[in-house]
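>>> here is a sequence with its predicted model. Questions after.
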Amino acid sequence: MEFKDIIGNTDVKNYLIKSVNNKNVLHSYLFLGTEGIGKLLVAKEFAKKILCLNNTEDETCTCKSCTCFNGKNHPDYYIINEEGESIKIDTIRNITEKAFEKPILSDKKVYIINDFEKMTKEAQNCLLKTLEEPPEFVVIILISSNENIILNTIKSRCMTIKFHNIDDKELLEYAQNVLKYEHISENLLKSFDGSIGKAIKLKDNKDNYDKIENLISNLTKKDLVD
């Protein structure tokens, strides 16, 4: 997936693209926002651009780095907890040890840690030293939907990028054209809460949602009649 295919947060995407083009990429970022609004997708595309050997705005670049990235076998790219499970301290220890090894293919190494809030305080403290004194070639991207669980010492060492919820109009079009929703009521759209992830989850339970919504509607009409 390319930046242009990711819905919403155009300002964030433009900022990250500009950072790469101007060679002003920082060592650590914290992506914050509602679950399911595309933070991980943006982080992956950002990582791809950081690692690109051509430093080009062409999103269809075929350099060796981009080819390896698209083939999911880039030696300088690491994604931790992609499926949103708990993050063990041993995993973080492994990161801190290997972070100081020089990149193999690109000029930098990129680590993405998804659902960072699922990391224990012990694991966060383990990562802290790397954030305090990162190797010049390392970029770490932390992704979270709950910054309250993240240590202040971690947050203070990262550039915080705040993501916005998806606009209702864009979300409606996506739900109809991509997710193939046949009917979306105003209440159902509000239930998406600006999140594509929530829209996907609700689709699996749409029949139950429709039954509940119809029940509430009938009860409301009955009250008005009475």
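Great, that's in hand. Numbers count the residues shown, from 1 in each chain.
>>> do you know how far Leu142 is from Asp193?
As for Leu142, its distance to Asp193 is 22 Å (criterion: CB to CB, to the nearest Å). From N, CA and C alone the C-beta is placed, and that goes for glycine too.
>>> of the two, which one has the most company?
Taking other CB atoms under 10 Å, Leu142 and Asp193 do not tie; Leu142 has more neighbours (28 against 17).
>>> the host helix or strand of that one packs against which elements?
According to DSSP states H and E, Leu142 maps onto strand 138-144. If you count contacts as 3 or more CB pairs under 8 Å, 6 or more residues apart in numbering; DSSP states H and E, strand 138-144 packs onto strand 28-32, helix 39-51, strand 109-113, helix 121-132.
>>> tell me the most buried of these?
strand 109-113 (a mean of 24; mean count of other CB atoms under 10 Å).
>>> give the rounded mean pLDDT of it.
For strand 109-113, the mean pLDDT works out to 96.
>>> between it and helix 121-132, how big is the angle?
Counting by axes from the mean of the first three to the mean of the last three CA atoms, to 10 degrees, strand 109-113 lies at 150 degrees to helix 121-132.
>>> quick one: strands adjacent to the strand holding Leu142?
When sheet partners are counted by DSSP bridges, strand 138-144 sits next to strand 28-32 (parallel), strand 109-113 (parallel).
>>> so it versus helix 39-51, what angle?
Computed by the same axes, to 10 degrees, the angle separating strand 138-144 from helix 39-51 equals 170 degrees.
>>> export only the CA atoms of the helix or strand following strand 138-144, formatted as PDB.
Later in the chain than strand 138-144, the nearest helix or strand by DSSP H and E is helix 152-155. Backbone C-alpha positions of helix 152-155 (Å, rounded to 0.1, in the frame of the first residue of the first chain) are rendered in PDB as follows:
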ATOM      1  CA  ASN A 152       6.700  10.200  30.300                       C
ATOM      2  CA  THR A 153      10.400   9.500  29.900                       C
ATOM      3  CA  ILE A 154       9.500   7.600  26.700                       C
ATOM      4  CA  LYS A 155       7.200  10.300  25.400                       C
END
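>>> which elements pack onto helix 152-155?
Right, helix 152-155 is packed against helix 121-132 by 3+ CB pairs under 8 Å, 6+ apart.
>>> hmm, who's touching the helix it packs on?
Residues outside helix 121-132 that contact it (CB atoms under 8 Å, 6 or more residues apart in numbering) are 27-28, 87-89, 91-93, 95-96, 99, 113, 119, 138, 140, 150-151, 153-154, 157-158.
>>> is it possible to mark the buried ones in the residues you listed?
27-28, 87, 89, 91-92, 95, 99, 113, 119, 138, 140, 150, 154, 157-158 (16 or more other CB atoms under 10 Å).
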